[in-house]
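>>> Test case, fold it:
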Amino acid sequence: MHVFVLAGIGEVRAGDDLAALILAAAESPAARLADGDILAVTSKIVSKAEGRQVAATDREQAITDETVRVVATRVYPGGVTRIVENRQGLVMAAAGVDASNTADGTVLLLPVDPDASARALCTALRARTGLRLGVLITDTVGRPWREGQTDIAIGAAGVAVLDDLRGTTDASGRQLDVTVAAVADEIAGAADLVKGKTSGNPVAVVRGLGRLVEALQLQQGPAPQDAAGGASALLRPSETDMFRLGTAEAVAEGYAAGYAAGIAAARAAGPVAERSGRG
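Predicted structure coming up:
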């Protein structure tokens, strides 16, 4: 596997043709795209091209506006950290609202539909090059139980995001029953090693994983988990998440539910039990 950046893309503005900017950066012989390449594109430049830079004197209000569900909130000396589920279904700090590398008084929101953005970019790149390419849109997140951050895929097109190994056998001949590799996230993390956070290189090319590049799914809606339909297949539904709340929030929710159940039981038992409970 070979991973390298496409240098020279520069500042992206609303309305820019990302496919054209990427192909211009890939004109040199050393950076020329090849069949089976996967492009890992930082979500920031996608958001900028799509005009997702909005005026916001208060970043906290922008976070609130993008929040669907609060997972955990913690106060620290510098302010408040909020882990939330955002409109895209992603659980992350600050709903993915970014105040870095934007003009004063503005913040950058994530693409409205990262999978649709990836499909549009992948379609344009394939049409203009004739190559079988894949596109991942990446963003930086923290992880439960782990220090530091890494990049993950929040949008995908033309790339299998999961490699389902269930039913196959390991090197010792034992059957694998639960192993499903999140290959799109692994590729995003590898690409971030060369893109960096401050180098100004928002696009990396991952070469050598052509087996994961598949036919581009153009139809709307959810795709089968084994299809190259988008990164939405990586999202775990909150109802099946064993850790859907922070510890303090889980305790508060459990206390509230128990208190309500106790009041309901007292009322069902009759006036005497209810008065006794009040005492």
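
>>> for the chain, what spans make up the strands?
In the chain, the strands defined using DSSP state E lie at 2-5, 38-42, 53-55, 67-76, 79-86, 91-93, 106-108, 134-143, 146-157, 163-164, 180-181, 203-207.

>>> want to try TSV for these, with distance to Arg267 as columns?
All C-beta atoms are positioned from the backbone trio N, CA, C, and that covers glycine. Compiled in TSV, these are given as follows (distance: least, Cβ to Cβ, whole Å):
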stretch	distance to Arg267
strand 2-5	64
strand 38-42	56
strand 53-55	48
strand 67-76	30
strand 79-86	34
strand 91-93	37
strand 106-108	48
strand 134-143	44
strand 146-157	46
strand 163-164	50
strand 180-181	47
strand 203-207	62
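
>>> I'd like the ones you listed as a markdown table, with mean pLDDT and distance to Arg13 appended.
As requested, the strands of the chain are exported to a markdown table (pLDDT from 0 to 100; distance: least, Cβ to Cβ, whole Å):
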| stretch | mean pLDDT | distance to Arg13 |
| --- | --- | --- |
| strand 2-5 | 96 | 21 |
| strand 38-42 | 98 | 15 |
| strand 53-55 | 90 | 9 |
| strand 67-76 | 92 | 27 |
| strand 79-86 | 91 | 24 |
| strand 91-93 | 94 | 25 |
| strand 106-108 | 92 | 12 |
| strand 134-143 | 95 | 18 |
| strand 146-157 | 95 | 20 |
| strand 163-164 | 83 | 37 |
| strand 180-181 | 88 | 37 |
| strand 203-207 | 97 | 16 |
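
>>> Most tightly packed of these?
Mean neighbours per residue, mean count of other Cβ atoms under 10 Å, is largest over the strands of the chain for strand 38-42, with a mean of 26.

>>> Who are the packing partners of that one?
Under the contact criterion of 3 or more Cβ pairs under 8 Å, 6 or more residues apart in numbering; DSSP states H and E, strand 38-42 touches helix 18-25, helix 114-129, strand 134-143, helix 183-195, strand 203-207.

>>> Next, the angle from the longest one to strand 146-157.
The directions of helix 114-129 and strand 146-157 differ by 60 degrees, with axes from the mean of the first three to the mean of the last three Cα atoms, to 10 degrees as the criterion.

>>> Which other helices and strands does helix 114-129 contact?
Where contact means 3+ Cβ pairs under 8 Å, 6+ apart, helix 114-129 is packed against helix 18-25, strand 38-42, helix 43-49, strand 134-143, strand 146-157.

>>> Look up phi and psi at Trp145.
phi 70, psi 0 (degrees, to the nearest 10).

>>> Relative to Leu162, how far out is it?
22 Å (Cβ to Cβ, to the nearest Å).

>>> Fine, thanks again, bye for now.
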